[in-house]
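Student: Structure, please.
(one chain, ligands or ions: 1)
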Amino acid sequence: WTVYVKGKHKLPPLYPGALPIIGHIYMLFGDGTSLWSTVKAIAVETMKQGGVTTVILGSSIYYFITDPDDALTAANSCLQKHFAYKFAKPWLGEGLITSSGEVWKRHRKLLTPAFSLPVMLNFLDIFNSQSRKLVKNLKVEISKGPFDHTVYLRNIALETFCLTAFGISGFEDKEFIKTYMHAVDKILTIVTQRFQNFWLQSDLIFRLSGLKKEHDELIKIVNDMSNKVIQKKKAERTNDVNAYAVKASGVRYKPFLDLLLELSEENALTDKEIREEVDTAIVTGFDTSSSLLSYIMILLGTHPEVQDKIYDEISEVFQTDRDVDKDDLNKLVYTEAVIKESLRIFTTGPVTLRYVDKEVKLKNYTMRADTQCVVLLFGVHREAAWGKDVDKFRPERWLEKDMPANPNAFVGFSLGKRSCLGKTYAMISMKTTLAHFIRRYKVKADDSNLKLRFDFLLKPVSGHEITLEERV
Ligand code: HEM
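Tutor: As a prediction, the model looks like this:
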């Protein structure tokens, strides 16, 4: 620690517990649940210290940030991802989540049009039919006591993503989908383990530990999925090259995958880049919104008064059992507040890690070049801007004037130039699902025993089961 004090710029307060030579690195050891406890404890201390602290991991300085304004400065100034993302590269390559620099800039520009509002509105028919399918699938669980709803939500979200972004019908092979999801979970856990346990960062030790063998087999499974998606699409395109130019709500649109294939035909993207973007799209697209929906259901089940209010709004807007159309979306004001408040409390993507390649001036400190920074997105959601009842699940706060007091304090979809590309997709699909689900079911849950783990996403480990009753 004393070695670092001498640098050109004063460091923010040091997180307690640093040991000579290794600093805080030992605090990362353990599983995803203990890592989540450590990251939460650092967030509490960071807030106490005014929004920025220093953590030393081996020979690296890390700036941990919860201050909303500093978070935005850091996110916009440091566009390169932290080295931990490199562990996901055998899977996601130079896809949007893992790439940096010019590659990221070019891909972001090429892919942004595929996520615009007019394109997303064309998916409403699919969101409606998929929500109805979810409601139907859940029927077997009525009045049967607590069950794990996350499985239902993940399955339907993956299928919906294939239908919308890729424009292909879902996969009938249920075993394959199950194996694929298990592989995604396992790879994320291995990536996190390599970040947590510094010895696994050495390729040699990674190989000797036996984890690399397991990892490579999992990569084969996930690559198999993206190859299947691409083949299916290519076959469908050969049959009907204009299949993508669907006219719905008066707007022509191209599903994301058609755009990718067109870019490949124009040599703007290679086949490898396409596969990597497909893998990235699948994992960012289905797991995030299905996770958040599962937290929303847990929160609604724990807070019946909120559930009553969202039910009242949905009943008033829809009157009958009709589908959601684009004019309904803006009327679902309380529903939107519930979604945002749930994301504030359970920040599905709780952190973003960046490499600080140049000096960056924050409000009270200057981050030194060649260091790392961790924007604690879930910590920004606990800052003073949210008021005294910051820990309370209270969707009403979103309906109050000037809330949050600092507009930079809501970062559920990350922030700045690298913020989430699928935010509109996520919001429209979640509103549609909730509109169908709440009209039909009453949910009960208890979030007091919820145990979570962190593996780049925030995942429930236990205590997340819900109970369903049919509304009469
Ligand atoms: C509730 C749902 C979602 C949440 C909470 C969420 C959250 C986030 C967060 C926190 C990041 C930053 C990740 C990081 O810096 O490591 C991110 C990035 C991203 N998200 Fe989402 N996301 C959601 C849904 C989606 C969907 C549905 C898609 C695709 C349709 C998507 C596509 C992306 C992409 C491509 C990026 C990378 C952006 C870049 O680096 O340029 N997300 N998202």
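Student: ok, the residue in the stretch 351-472 of the chain that the ligand sits nearest to - contacts?
Tutor: In the stretch 351-472 of the chain, no residue comes nearer to the ligand than Gly422, which is 2.0 Å away by Cβ to the nearest ligand atom. C-beta: built from backbone N, CA, C; applies to glycine. By Cβ atoms under 8 Å, 6 or more residues apart in numbering, the contact set of Gly422 is 115, 284-285, 288-289.
Student: how about 10 Å then?
Tutor: Gly422 is in contact with 114-115, 120, 161, 165, 256, 281, 284-285, 288-289, 413, 429, counting by Cβ atoms under 10 Å, 6 or more residues apart in numbering.
Student: Please report how far Leu260 lies from the ligand.
Tutor: 13 Å (Cβ to the nearest ligand atom, to the nearest Å).
Student: Can you tell me the element that residue falls in?
Tutor: Here Leu260 sits within helix 256-265, counting by DSSP states H and E.
Student: orientation of the next helix or strand after that helix relative to helix 256-265 in degrees?
Tutor: The C-terminal neighbour of helix 256-265 among helices and strands, as given by DSSP H and E, is helix 271-302. Computed by axes from the mean of the first three to the mean of the last three Cα atoms, to 10 degrees, the angle separating helix 271-302 from helix 256-265 equals 160 degrees.
Student: is the ligand contacted by helix 271-302?
Tutor: Yes. Using Cβ under 6 Å from any ligand atom, helix 271-302 reaches the ligand at 284-285, 288-289, 292.
Student: Any of these buried? List them.
Tutor: 284-285, 288-289, 292 (16 or more other Cβ atoms under 10 Å).
Student: For those residues, give me TSV that also has distance to Ile56 and pLDDT.
Tutor: Listed next are those as TSV, based on distance: Cβ to Cβ, whole Å; pLDDT from 0 to 100:
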residue	distance to Ile56	pLDDT
Thr284	31	88
Gly285	36	86
Thr288	31	91
Ser289	36	92
Leu292	33	97
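Student: Nearest to Ser342 among those residues?
Tutor: Relative to Ser342, the closest of those is Leu292; by Cβ to Cβ it sits at 6.5 Å.
Student: So which residues on the chain come close to the ligand?
Tutor: Residues of the chain lying near the ligand (Cβ under 6 Å from any ligand atom): 96-97, 108, 165, 284-285, 288-289, 292, 343, 348-349, 352, 412-414, 418, 420-422, 425-426.
Student: Just the buried residues of the helix or strand where Glu159 lies, please?
Tutor: Assessed by DSSP H and E, Glu159 sits inside helix 150-164. Across helix 150-164, burial judged by 16+ other Cβ under 10 Å covers 150, 152-164.
Student: Kindly indicate which of those residues lies nearest the ligand.
Tutor: So of these, ranked by how close each gets to the ligand (Cβ to the nearest ligand atom), first place is Phe161, at 7.1 Å.
Student: What is the neighbour count of Lys6?
Tutor: 6 (other Cβ atoms under 10 Å).
Student: Make 17 the starting number, not 1.
Tutor: Taking 17 as the first residue, the last one we looked at is Lys22.
Student: what about it, distance to the ligand?
Tutor: Distance from Lys22 to the ligand, by Cβ to the nearest ligand atom: 32 Å.
Student: Pro29 too?
Tutor: The spacing between Pro29 and the ligand, counted by Cβ to the nearest ligand atom, is 25 Å.
Student: Leaving out sequence neighbours, find the closest residue to that residue.
Tutor: Spatial nearest neighbour of Pro29, excluding adjacent residues (Cβ to Cβ, 6 or more residues apart in numbering): Gln65 at 4.5 Å.
Student: Which residues are in contact with that neighbour?
Tutor: Per Cβ under 10 Å, 6+ apart, neighbours of Gln65: 28-31, 80, 82-83.
Student: Identify the residues contacting the closest residue to the ligand within the stretch 217-366 of the chain.
Tutor: The ligand sits closest to Gly365 of the stretch 217-366 of the chain, with a gap of 2.9 Å, by Cβ to the nearest ligand atom. Contact analysis of Gly365 by Cβ under 10 Å, 6+ apart lists 113, 300, 303-304, 307-308, 359, 393-394, 427-430, 436, 472-474.
Student: Which parts of the stretch 67-216 of the chain are helices?
Tutor: Taking DSSP state H, counting those that start in this stretch to define them, one finds helices in the stretch 67-216 of the chain at 84-93, 105-108, 117-127, 133-137, 140-154, 166-180, 190-212.
Student: other SSEs contacting the first one?
Tutor: Translated: helix 84-93. strand 68-73, strand 76-81, strand 367-372, strand 376-377, strand 382-383, strand 387-392, helix 393-396 (3 or more Cβ pairs under 10 Å, 6 or more residues apart in numbering; DSSP states H and E).
Student: Likewise for the fifth one?
Tutor: In this structure, helix 140-154 packs against helix 166-180, strand 262-264, helix 342-345, helix 439-456, strand 457-460, with contacts taken as 3+ Cβ pairs under 10 Å, 6+ apart.
Student: ok, 8 Å please
Tutor: helix 166-180, helix 439-456 (3 or more Cβ pairs under 8 Å, 6 or more residues apart in numbering; DSSP states H and E).
Student: what's the burial count for the residue of the stretch 67-216 of the chain found nearest the ligand?
Tutor: The nearest approach of the stretch 67-216 of the chain to the ligand comes at Leu112, 4.2 Å away (Cβ to the nearest ligand atom). Each residue near Leu112 was counted by other Cβ under 10 Å, and the total is 20.
Student: who's in contact with it?
Tutor: Contacts of Leu112 (Cβ under 8 Å, 6+ apart): 120, 123-124, 127, 293, 296, 300, 437.
Student: Show me the two of the residues you listed that sit farthest apart.
Tutor: Most distant of those, by Cβ to Cβ, are Trp120 and Thr300, 13.9 Å apart.
Student: that older thread, okay, the residue of the stretch 367-488 of the chain closest to the ligand and Leu466: tell me how far apart.
Tutor: Using Cβ to Cβ, to the nearest Å, Gly438 is found at 25 Å from Leu466.
Student: residues in contact with the residue lying closest to Ser132 once chain neighbours are set aside?
Tutor: Computed as Cβ to Cβ, 6+ apart, the closest residue to Ser132 that is not its neighbour in sequence is Thr440, at 7.6 Å. Thr440 makes contacts with 131-133, 136, as judged by Cβ under 8 Å, 6+ apart.
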